[in-house]
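Trainee: Kindly generate the corresponding structure for this input.
(2 chains)
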Amino acid sequence: EAGVAQSPRYKIIEKRQSVAFWCNPISGHATLYWYQQILGQGPKLLIQFQNNGVVDDSQLPKDRFSAERLKGVDSTLKIQPAKLEDSAVYLCASSSEGLALSYEQYFGPGTRLTVT
Amino acid sequence: KQEVTQIPAALSVPEGENLVLNCSFTDSAIYNLQWFRQDPGKGLTSLLLIQSSQREQTSGRLNASLDKSSGRSTLYIAASQPGDSATYLCAVVSYNTDKLIFGTGTRLQVFP
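Mentor: So this is what the prediction gives:
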């Protein structure tokens, strides 16, 4: 079974530029998550999708971050414009359980973003 | 608000030692607790998941215990190896948030 795929693996941009990350979850997983992990900290949930609907985006900085999950499969996370404090690893995860979150989440390799 | 703390923040031990990593959480109303491993530059690998009704889970040289009433979990690593070097994260899902809340991790180095 293929794992969660993410691209690109690394990205370096200047502040005020825009950037997009892509995630392909494990086949059949209805729930998809985007996390932000700042160096030295644990991951923080940005947004959670159930199929192609948003379940929780309470910690997503909506003035600059956006995410979509078309057709309930792949997802993209965009930052526009980027700030220095957005430098982090962006992790995508998926799970087969729905809203209860009682099953395991499977994580992709992450995208390391550096904003200069 | 659920807070997850991991102690120690870093640990360096010689190969062969048995290790205990600690995780504590402030709200005992949880669905489950997971232990993850993160290698430098890599994503998270799930090691063990303990449901709220369980007391422990074992996988190979790893054993995780859960004491919900005291808000604690421990990850026991037997006969540590250099390949165990990584950051270990614990995370809980609380009833009132439905989110996976992570600790800051324990960075483990096992030297030959």
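Trainee: rest of the way, CA atoms for contacts and neighbours
Mentor: Noted.
Trainee: How about the residues of chain B by chain A?
Mentor: Along chain B, the residues adjacent to chain A under the rule Cα under 8 Å from any Cα of the partner chain are B:31-32, B:34, B:41-46, B:49, B:51, B:89, B:93, B:98-105.
Trainee: and with 7 Å instead?
Mentor: Applying Cα under 7 Å from any Cα of the partner chain, one finds that chain B approaches chain A through B:31, B:32, B:42, B:43, B:44, B:45, B:98, B:102, B:103, B:104, B:105.
Trainee: What is the neighbour count of residue 104?
Mentor: With no chain named, the answer covers chain A. Each residue near residue A:104 was counted by other Cα atoms under 10 Å in any protein chain shown, and the total is 18.
Trainee: that's the wrong chain, I meant chain B
Mentor: Using other Cα under 10 Å as the criterion, residue B:104 is surrounded by 23 other residues.
Trainee: My understanding was that it contacts residue B:6; is that so?
Mentor: Yes - under the criterion of Cα atoms under 7 Å, residue B:104 makes contact with residue B:6 at 6.4 Å.
Trainee: which residues does the closest residue to residue A:74 other than its chain neighbours bridge with?
Mentor: Beyond its immediate neighbours in the sequence, the residue positioned closest to residue A:74 (Cα to Cα, 6 or more residues apart in numbering or on different chains) is residue A:24, lying 4.7 Å away. With DSSP bridges applied, residue A:24 shows beta-bridge pairing to residue A:5.
Trainee: Please name the residues that touch residue A:24.
Mentor: Under the criterion of Cα atoms under 7 Å, 6 or more residues apart in numbering or on different chains, the neighbours of residue A:24 are A:4, A:5, A:6, A:73, A:74, A:75.
Trainee: if I look at it, how far off is chain B?
Mentor: 14 Å (Cα to the nearest Cα, to the nearest Å).
Trainee: Same question for residue A:95.
Mentor: 12 Å.
Trainee: what are the bridge partners for that residue, then?
Mentor: Using DSSP bridges, the beta-bridge partners of residue A:95 come out as residue A:31.
Trainee: Fine by me, thanks again.
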